[in-house]
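**Student:** dropping a prediction and its sequence here:
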Amino acid sequence: MTRRWVAIDEASSREGVLELRKRGDDFLITLAGRILMNSHSNRSELALAELGCRLVESRPNANVLIGGLGMGFTLRRALDVLPATARVVLAELNPVVVEWCRGPLAGLTNCAIADSRVEVKIENVSHTIGVASKSTPRFDAILLDLYEGPPTGRGAERDPIFGVRGLREARAALSQGGVFAVWAENPDLDFEQRVRAAGFELDRRRPGRGGLRHAVYIARRV
């Protein structure tokens, strides 16, 4: 008999109720009833951090921005790749997600959020990028592991993060040769064109074999 999911916490957000559920050793986060992620499916998040951080790990005092905490898997892998001298800024919109990663989800990542290299900012990552685009030091890598990747269809070019202006700001927020890595549900040719037009070299990966394979974009500022 299949065990049922048990809700262990919830919180209101601008887009609906965020809920944390558990079944055995598996966790699930939902938003307004929609499944965002579960702890047993994280290969694309791990690949995002691995591919993005390997390109900057040798830089002295590497400065990395991660947008979106989720269950902390991207942050954990980034910390495992980066040296002890690195700095990681974590931008997360919902403070309850940070609380979950310090509490019931901490065991999944050895409480990555508590690492001394991590600075948590409760804000929209588009704001973090916008500020960095007009100041120094710039980021060596920006990893975006948001629950929704680049939007498609009408208006996508005006998206504050993945639209034309957002991509230009991301480039300005990066050091020379810096990495812009993005998780996406599926490949998006229009997004790829915008990234290249913004001044990036772009590589698209599809991590893993079989099952649901998300897209991971690795772009480098040129």
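**Tutor:** Arrived safely.
**Student:** what about residue 171, how many neighbours?
**Tutor:** 20 (other CB atoms under 10 Å). The C-beta positions use only the backbone N, C-alpha and C, and glycine is treated the same way.
**Student:** residue 84 now?
**Tutor:** By other CB under 10 Å, 8 other residues sit near residue 84.
**Student:** likewise residue 150?
**Tutor:** 27.
**Student:** helix, strand, or coil at it?
**Tutor:** What DSSP: H, G, I helix; E, B strand; the rest coil gives for residue 150 is coil.
**Student:** contacts only, for the residue nearest to residue 105 when sequence neighbours are not counted.
**Tutor:** In space, and not counting its chain neighbours, residue 105 is closest to residue 71: 5.3 Å by CB to CB, 6 or more residues apart in numbering. Applying CB atoms under 8 Å, 6 or more residues apart in numbering to residue 71 gives the contacts 27, 29, 37, 39, 42, 100, 101, 105, 108, 109.
**Student:** measure residue 73 to residue 7 for me?
**Tutor:** 21 Å (CB to CB, to the nearest Å).
**Student:** same question for residue 15.
**Tutor:** Distance from residue 15 to residue 7, by CB to CB: 18 Å.
**Student:** ok, back up a step: comparing residue 73 and residue 7, which shows the higher neighbour count?
**Tutor:** residue 73 (24 against 11).
**Student:** name the residues of stretch 149-163 that are buried.
**Tutor:** 149, 150, 151, 156, 157, 159, 161, 162, 163 (16 or more other CB atoms under 10 Å).
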